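Chemist: Model the following, please.
(chains A and B)
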Amino acid sequence: MVPLSYYMMLSAIVFLTGLVGVLIRRNIIILLLSIELMLNATNINFVAFSYYLHDPAGQVFVFFALTVAAAEVAVGLAIILALYRGKATVNIEEFNLMKG
Amino acid sequence: MFSFFYFGTIIVLAAFLVVALRNPVYSVIALLIMFFHMAGLFITLHAEFLAAVQIIVYAGAILVLYLFVVMLLNLKRDDSYQRQLWLGVGLGGVALAEVISLVISAHLTVSPPLNEAGRLATSAQTAGVVAQGNTELIGALLYTKYLFPFELASLILLVAMIGAILLTKKGILEAKGDS
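Modeler: Purely as a prediction, here's the structure:
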């Protein structure tokens, strides 16, 4: 049987991949995809703990995380479309409107 | 054991490809592969409802939305990485080493999952998992104990819908900019 710590390591690897993706990429769409990676990494942890602790509450929380992910994608892609309409680019370095 | 390593390897590889590939369309396809294998991982963890929802909502709705926007924007240009590429990768490696050393040294005191016979003998709630199935159990929990968060989730979706419509509607943001 797989130990719980293996699931935590898998989750940590996927989460940090998403974090590094947010740090190193310039394309805003890839940044949103990296945020999806991080949300899914937390879902792995929730489901693994729900199975190992015999408590279905973890699966309910994955359900809520999924709802938030769907809302985040809808709003995020709408923001990307609005930004693209203004500057015709999705390169994050072009958007420095709020720089002091 | 084998299924965990198969799904885990594919998930990690696909996650790396999402971040590393330069073409956004290929990144989205890699994320699609990752979501399918994550659904498989959920099935091995006896979360069948979440596996189905993962495929229906993530692969069916969210990724199609991503692909739609990527193709709508027609991003042909090959964008490079940020200048702090190796700094970011190094920081990620340090954080990963830290998390793995923490997990190894933690000595988790979680009981291993029981077999079916032992599972039936534990608490009534856990016995319900076997008796009535995963979907029924989550549904019952959602409409009793987690009813208020469930309603909040619907409110979040409503706000997201209104926000997306307002943000993409032509004229609203521009008109405010002009005045």
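Chemist: so where is chain A shaky, pLDDT-wise?
Modeler: For chain A, the stretches with pLDDT under 70 are A:100.
Chemist: swap the cut-off to 80 and go again
Modeler: Applying pLDDT under 80 to chain A picks out residues A:1, A:97-100.
Chemist: Can you show me the helices along it?
Modeler: Using DSSP state H, the helices of chain A run over A:4-24, A:28-52, A:57-87.
Chemist: on contacts alone, who are the packing partners of the last one?
Modeler: On a contact count with 3 or more Cβ pairs under 8 Å, 6 or more residues apart in numbering or on different chains; DSSP states H and E, helix A:57-87 meets helix A:28-52, helix B:48-53, helix B:63-73, helix B:134-143, helix B:147-168. The C-beta positions use only the backbone N, C-alpha and C, and glycine is treated the same way.
Chemist: Figure out how far that helix is from the centre of its chain.
Modeler: 9 Å (Cα atoms, centre = their mean, to the nearest Å).
Chemist: Any buried residues in it, and which?
Modeler: Counting neighbours by 16 or more other Cβ atoms under 10 Å in any protein chain shown, one finds that the buried residues in helix A:57-87 are A:58-67, A:69-84.
Chemist: and what of the second one?
Modeler: Buried residues in helix A:28-52, defined by neighbour count with 16+ other Cβ under 10 Å: A:28-41, A:43-52.
Chemist: Also within reach of chain B: list those from these.
Modeler: Applying Cβ under 8 Å from any Cβ of the partner chain to these, one finds that A:29-30, A:32-34, A:36-37, A:40, A:43-44, A:47-52 fall near chain B.
Chemist: For B:L158, give its distance to B:A59.
Modeler: With the distance defined as Cβ to Cβ, to the nearest Å, B:L158 ends up 24 Å from B:A59.
Chemist: More neighbours: which of those two?
Modeler: Counted by other Cβ atoms under 10 Å in any protein chain shown, B:L158 and B:A59 do not tie: B:A59 has more neighbours, with 18 against 11.
Chemist: Quick check: the more buried one touching B:F35?
Modeler: Yes. Contact criterion Cβ atoms under 8 Å: B:A59 and B:F35 qualify, at 4.9 Å.
Chemist: Work out for me the element B:L41 sits within.
Modeler: Using DSSP states H and E, B:L41 sits in helix B:24-44.
Chemist: Now the helix or strand B:V19 falls within: buried residues?
Modeler: Following DSSP H and E, one finds B:V19 within helix B:2-20. Within helix B:2-20, the residues that qualify as buried are B:4, B:7-8, B:10-12, B:14-20, counting by 16+ other Cβ under 10 Å.
Chemist: If we check chain A, which of the residues you listed are in contact?
Modeler: Contacts with chain A within these, as defined by Cβ under 8 Å from any Cβ: B:4, B:8, B:11-12, B:15-16, B:18-19.
Chemist: By mean pLDDT, flag the weakest helix or strand of chain B.
Modeler: helix B:116-121 (a mean of 48; mean pLDDT, DSSP states H and E).
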